[in-house]
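Q: coords below, sequence missing:
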């Protein structure tokens, strides 16, 4: 039942948050900047700066140069080998193609030399299949030979999904965690430092009213800020949301509850603002790297992935991404929901075990 003391405290906590306009602005600014940079990108890959040395100066090499220059994948810079090597060393170009002086007939194989910086070897190996395919297509255009076969790739899911669509649920999950931890762990320590808990304990207000008010107030605050970020990405950046938005918000509510209980645990362990800051950093920043917020978990070392999948932020981000991007329902992400429930129980047990009201009051 939503009692009068609980309602009053909830209103007070929301008013306290709204007075801190700097925190509101900065907590919204970073996600908006990150999403804006990704979302406003047109999605086109910048052409690769490539040097071209034509030692043949034949009709065949000229035709090759023209075909290469017309390819959107490359920004071709022609010149002599020494000058282009200088540009390569300075990092102004990515690679150099050297057409041999023997390239004057299409009836024989011509070896084109590729010069690269050793530091760019890994990048070159990544794009080498694309480069080979491009050069092969140019050769076919010149020789007018028909390819024996063509490969048609069909997307079974038929979804148009970019990095913004992958990033949005992760950013929202990370915001959710930060706002929840700040609203429970930091607030509890600050209220304790100011003696607010001590004074509240001698009033008719029950501890459950105090905790419930913080939970409800922070839930309202987090939902409001996440809705602002979600609306920015969905309405202005055209983010693709394929799943049920109601199910997405149910996961958000469960995530807020989980991180609030974990935040209370941190606040129960810490006795000062400095300590709670250190504990919160230890809790938050490893998850930022290991939870798949900015990149898929598959990019992590294999021995870390099982641990990363159990992290609270991973569970929330995965569930939100599965609903928003893959169109699943909350019932289909039951394993993530179960994991969130386990963390809620862990957070509740730790905070209730360590947080003793009488000692705080006394």
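A: Yep, it's here. Being a predicted model, the structure only gives us computed values, none of them experimental.
Q: show me where the stretch 51-200 of the chain has strands.
A: In the stretch 51-200 of the chain, the strands defined using DSSP state E, counting those that start in this stretch lie at 74-78, 95-99, 113-116.
Q: which neighbours does the first one have in its sheet, and in what orientation?
A: As defined by DSSP bridges, the strand partners of strand 74-78 come to strand 48-54 (parallel).
Q: which residues are contacting the strand it pairs with?
A: Residues outside strand 48-54 that contact it (Cβ atoms under 8 Å, 6 or more residues apart in numbering): 61-62, 65, 68, 73-81, 84, 87-88, 92-99, 115, 127. Any C-beta I mention is one placed from the backbone N, CA and C, and that applies to glycine too.
Q: Next, the angle from that strand to strand 95-99.
A: 20 degrees (axes from the mean of the first three to the mean of the last three Cα atoms, to 10 degrees).
Q: that older thread, is it possible to get CSV of the strands of the stretch 51-200 of the chain that adds distance to residue 52, mean pLDDT and mean neighbour count?
A: Output for those, formatted as CSV (distance: least, Cβ to Cβ, whole Å; pLDDT from 0 to 100; neighbours: other Cβ atoms under 10 Å):
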stretch, distance to residue 52, mean pLDDT, mean neighbour count
strand 74-78, 5, 85, 16
strand 95-99, 5, 83, 21
strand 113-116, 11, 80, 14
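Q: Looking at the ones you listed, spot the one closest to residue 300.
A: strand 113-116 (28.5 Å; Cβ to Cβ).
Q: Contacts for that closest one, please.
A: Strand 113-116 is contacted from outside by 51, 85, 88, 94-98, 100, 124, using Cβ under 8 Å, 6+ apart.
Q: what's the offset of it from the middle of its chain?
A: Averaging C-alpha positions (Cα atoms, centre = their mean, to the nearest Å) puts strand 113-116 35 Å from its chain's average.
Q: So which bits of stretch 23-36 are buried?
A: 24, 27-28, 31-32, 34-35 (16 or more other Cβ atoms under 10 Å).
Q: got the contact list for residue 176?
A: Contacts of residue 176 by Cβ under 8 Å, 6+ apart are 222, 226, 252, 255-256, 259, 316.
Q: Of those, which belong to helices?
A: Assigned to helices by DSSP state H, the following of the contacts of residue 176 qualify: 222, 226, 252, 255-256, 259, 316.
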